[in-house]
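In: Could you work out the structure for the sequence below:
(2 chains)
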Number of protein chains: 2
Amino acid sequence: MDDTAKTRQIAIAYVESLDQRDWSRLAGLLAEDVVYEMPQTRERIRGRPAFLRFNVDYPGDWHLRVRQTVADGRLAALWLDVRVGADGQDACVWLEVGEQGRISRITDYWPEPYDPPPGREHLVERW
Amino acid sequence: MDDTAKTRQIAIAYVESLDQRDWSRLAGLLAEDVVYEMPQTRERIRGRPAFLRFNVDYPGDWHLRVRQTVADGRLAALWLDVRVGADGQDACVWLEVGEQGRISRITDYWPEPYDPPPGREHLVERW
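Out: Residues are numbered from 1 along each chain as shown, chains lettered A, B, ... in the order given. As a prediction, the model looks like this:
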């Protein structure tokens, strides 16, 4: 299996283990010194124990479904459909897999809905 | 050149042609029936002429820099640093390349900054 195939497998396992709250499986996918970043809030979490704790403590009955996985060497991008009850939000996740075959860097984006600016109604349709 | 290498090249050319306002180069990368979506505003633009018009008309001296390109077969994800003067915003872009080797689908996310929820200060650092 080449790097891309391994990274794709790790990216999918990452989402599955989060969705299933399978913390030991998740821990096995992460490098000890994994760095997790949320650029929208400028928050950073360093290290596997803190990142696991962050997820274990995260409130709500959230569930993750992969809309698209794009893997390329040791990089992957995940386009997720995240549900908490009836509410849904998309997320964009960027992963980096280290030389040891474990996730070394995770960057999460949580884009919120907003109203479109005026002036382009003639070009767009809404759904 | 395999699909992944072609898709990567197309994805990079897409960003370059937008950044340089090279509309004829951009047009050459797009399928006639390209579909552009912005899920945050639930806006959709159909077809090359409307998508080109949207970009030509887009206000501001915006510039795009690729932070990461992930290509996988005929899919690509672009992590962009978008600048308008001194203001910066990240964007996440998902591309699909059709059988003819032209971009058939583009999905843009524009995640905005927000304040982190309380309760996780003990796990995170801010930057």
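In: spatially speaking, which residue is in the middle of chain A?
Out: A:V93 (3.7 Å; Cα atoms, centre = their mean).
In: so what's that residue bridging to?
Out: Note on A:V93: beta-bridge partners by DSSP bridges are A:L78, A:D108.
In: contacting residues around it?
Out: Neighbour list for A:V93: A:77-78, A:80, A:106-109 [criterion: Cβ atoms under 8 Å, 6 or more residues apart in numbering or on different chains]. Bear in mind the C-beta positions are built from the backbone N, C-alpha and C, glycine included.
In: so which of those residues comes closest to chain B?
Out: A:A77 (3.4 Å; Cβ to the nearest Cβ).
In: tally of neighbours for that closest one?
Out: When counting by other Cβ atoms under 10 Å in any protein chain shown, one arrives at 28 neighbours for A:A77.
In: Same question for A:P111.
Out: With other Cβ under 10 Å as criterion, A:P111 counts 21.
In: Measure how the strand or helix carrying A:E96 sits relative to strand B:87-97, angle-wise.
Out: For A:E96, the host element (DSSP states H and E) is strand A:87-97. Computed by axes from the mean of the first three to the mean of the last three Cα atoms, to 10 degrees, the angle separating strand A:87-97 from strand B:87-97 equals 90 degrees.
In: as a whole number, average confidence for strand A:87-97?
Out: Averaging pLDDT along strand A:87-97 yields 96.
In: quick one: buried residues of it?
Out: Buried positions in strand A:87-97, judged by neighbour count with 16 or more other Cβ atoms under 10 Å in any protein chain shown: A:89-97.
In: May I have the strands that pair with the helix or strand where A:I45 lies, each with its orientation?
Out: Element membership for A:I45, per DSSP H and E: strand A:43-46. With DSSP bridges as the test, strand A:43-46 is paired with strand A:30-38 (antiparallel), strand B:125-126 (antiparallel).
In: Send over it as PDB, restricted to the C-alpha atoms.
Out: Extracted in PDB, the C-alpha atoms of strand A:43-46 (Å, rounded to 0.1, in the frame of the first residue of the first chain):
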ATOM      1  CA  GLU A  43      -6.900  27.800  19.300                       C
ATOM      2  CA  ARG A  44      -4.200  25.200  19.400                       C
ATOM      3  CA  ILE A  45      -4.100  21.900  21.300                       C
ATOM      4  CA  ARG A  46      -0.700  20.200  21.700                       C
END
